[in-house]
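prediction below, plus the sequence it came from.
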Amino acid sequence: MALFTPHGLKIRFDEEALEKVIVPLTRSTDFNNLLLDIELWELLPIAMAKVAAIVTAFLTGNWLPTLVIGIIGLLIGGVLREITYSDWLRRIFTLFFGHGIVTLVVGISCAIYLVLQGEYLTIFVLATFYILTSIYEIIINILLAPFIYFIGRQSLKNFGVPLTHVERAFIILCNSRANKLGIKLNWSLYAKNNS
């Protein structure tokens, strides 16, 4: 049976086998906060893309750089989400600058500024990009398919099964929280109990 975050994000670890690994962590910290942090990390590509597109639209007033820099922000967020976990990036982008309400308010303010500048095509591109980031997972999976495959193969060598970015971020975050508490998690117990 898989582990689920409070809002339903699936972490494909066997809960019984995983419990033996993370029991020292669950006894000493709020485990639900760790799961909520994983959910927020999942939103990093959207947040980075929206922030990049809005800032570029405001600075350049041109639709082409807005689109290109927004896509680059989406890709950079996707790559970061695949290979690591950063508490600092999660806080900056998903909790503050890239939060849905903040980007909506700043995006509308930017659109008003662009209307005053007469940059209607840039407003259209920015609004379209903002809406299309809701289907970002499909776009990221297509653009980063070879990279995602390579990273998954690496986890197959190390862990015995291919892991998605959610499981890799979960491992990194668990290890990080455990290190702060002076605890060492033994992930080989999971592989032993799961085989």
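Yes, it's here.

can I get stretch 100-120 in CSV, CA atoms only?
Only the C-alpha atoms of stretch 100-120 are listed here, as CSV (Å, rounded to 0.1, in the frame of the first residue of the first chain):
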residue,chain,number,x,y,z
GLY,A,100,-1.2,31.3,-6.6
ILE,A,101,-2.8,34.4,-5.1
VAL,A,102,0.5,36.4,-5.2
THR,A,103,1.1,35.6,-8.9
LEU,A,104,-2.5,36.3,-9.7
VAL,A,105,-2.4,39.8,-8.1
VAL,A,106,1.1,40.6,-9.5
GLY,A,107,0.1,39.2,-12.9
ILE,A,108,-3.0,41.4,-13.0
SER,A,109,-1.0,44.4,-11.9
CYS,A,110,1.5,43.6,-14.7
ALA,A,111,-1.3,43.3,-17.2
ILE,A,112,-2.6,46.7,-16.2
TYR,A,113,0.9,48.2,-16.7
LEU,A,114,1.1,46.5,-20.1
VAL,A,115,-2.3,47.9,-21.2
LEU,A,116,-1.0,51.3,-20.4
GLN,A,117,2.1,50.5,-22.6
GLY,A,118,-0.1,49.2,-25.4
GLU,A,119,1.4,45.7,-25.3
TYR,A,120,-1.7,43.7,-25.9
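
which outside residues touch that stretch?
Contact with stretch 100-120 is made by 47, 50-51, 54, 57-58, 61-63, 96-97, 122-123, 126-127, 130, as judged by Cβ atoms under 8 Å, 6 or more residues apart in numbering. Just so you know, the C-beta spots here come from the backbone N, C-alpha and C atoms, and that holds for glycine as well.

so which of those residues sit within helices?
Using DSSP state H, the subset of the contacts of stretch 100-120 located in helices is 47, 50-51, 54, 57-58, 63, 122-123, 126-127, 130.

show me how to select, in ChimeraX, the buried members of these.
Here is the ChimeraX command that selects the buried residues among the ones in helices among the contacts of stretch 100-120 (16 or more other Cβ atoms under 10 Å):
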select :47,50,51,54,57,58,63,122,123,126,130
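
just the ones in helices among the contacts of stretch 100-120 now: which is nearest residue 141?
Of all these, residue 141 sits closest to residue 47, with 17.8 Å by Cβ to Cβ.
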